[in-house]
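> This is a predicted model, with the sequence first.
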Amino acid sequence: MSRDTSRPAIPAPTRIIALVGLMGVGKSTVGRRLANRLGLPFVDGDDAIEAAAQMTVSEIFAQMGEAEFRAGEARVMRRLLEGPPIVLATGGGAVLNPDTRALMKAKATSVWLRADIRVVASRVQRRDTRPLLRGKDPLAALTAMAEVRYPVYATADVTVDVGAGAHAQAVEAILAALQAYWATEGDR
């Protein structure tokens, strides 16, 4: 993938950048663009899980259940978090695992992508590929998830509000927040 040379170069981080947040907030789409700006590889956690299982996330949920999906997710997150610097789009529930959360704290700079739940609900209802939303009202399901997950997401190193704006705006907001964090923490 070619690096975007139209904007100032940003020194590549030496730690993984782990994007966390609810499904549909833009972790994968924004993450790809962020990785390009930082000159790092991008990995979508769900894609990595599917490759490891040789099944789609929906198939894993249908055939093995959520508990087995979460166990596989934890194994894949460990492998990725113990690897070289990348931009990692985690699954929305990945950080609920305490071991994953601890490893992320040790090996990554975590970024919570936070958006209005109504915006996220309108995004996710466009596709029927999310097992945790099948047969449910997306707004109600996401609101229930947010009640459980937001306190965990709030432990991220950086929080960036992303809305209905352009993905490029979200990338620039993340970069600004990361640079401010690195300036105070000194840990790229």
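Everything's here; your move.
> V111 against R15, yeah?
No. Applying CB atoms under 8 Å, one finds V111 not in contact with R15, separated by 11.5 Å. Where C-beta positions appear, they are placed from N, C-alpha and C, glycine not excepted.
> of the two, who's got more company?
Using other CB atoms under 10 Å as the criterion, V111 and R15 rank with V111 on top: 26 against 16.
> Is it correct that that one falls within a strand?
Yes. Assessed by DSSP: H, G, I helix; E, B strand; the rest coil, V111 belongs to a strand.
> Ignoring the adjacent residues along the chain, who's closest to it?
V158 (4.7 Å; CB to CB, 6 or more residues apart in numbering).
> who does the worst-scoring helix or strand of the chain on mean pLDDT touch, helix- and strand-wise?
Every helix and strand in the chain was compared by mean pLDDT, DSSP states H and E; the lowest is helix 117-124, with a mean of 77. Helices and strands touching helix 117-124, as assessed by 3 or more CB pairs under 8 Å, 6 or more residues apart in numbering; DSSP states H and E, comprise helix 138-153.
> Following the chain past the helix it packs on, name the next helix or strand.
Counting by DSSP states H and E, the next helix or strand C-terminal to helix 138-153 is strand 158-161.
> what does that next one contact?
Contacts to strand 158-161, defined as CB atoms under 8 Å, 6 or more residues apart in numbering, come from residues 109-115, 153, 170, 173-174, 177-178, 181.
> After that strand, heading C-terminal, what element do we hit next?
On the C-terminal side of strand 158-161, the closest following helix or strand by DSSP H and E is helix 167-185.
> Redo the contacts of strand 158-161 as a markdown table? Include distance to D46 and pLDDT.
Shown next, in a markdown table, are those (distance: CB to CB, whole Å; pLDDT from 0 to 100):
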| residue | distance to D46 | pLDDT |
| --- | --- | --- |
| T109 | 21 | 96 |
| S110 | 17 | 97 |
| V111 | 17 | 97 |
| W112 | 18 | 96 |
| L113 | 15 | 95 |
| R114 | 20 | 93 |
| A115 | 18 | 89 |
| Y153 | 17 | 95 |
| A170 | 19 | 91 |
| A173 | 23 | 93 |
| I174 | 20 | 95 |
| A177 | 24 | 94 |
| L178 | 23 | 94 |
| Y181 | 26 | 93 |
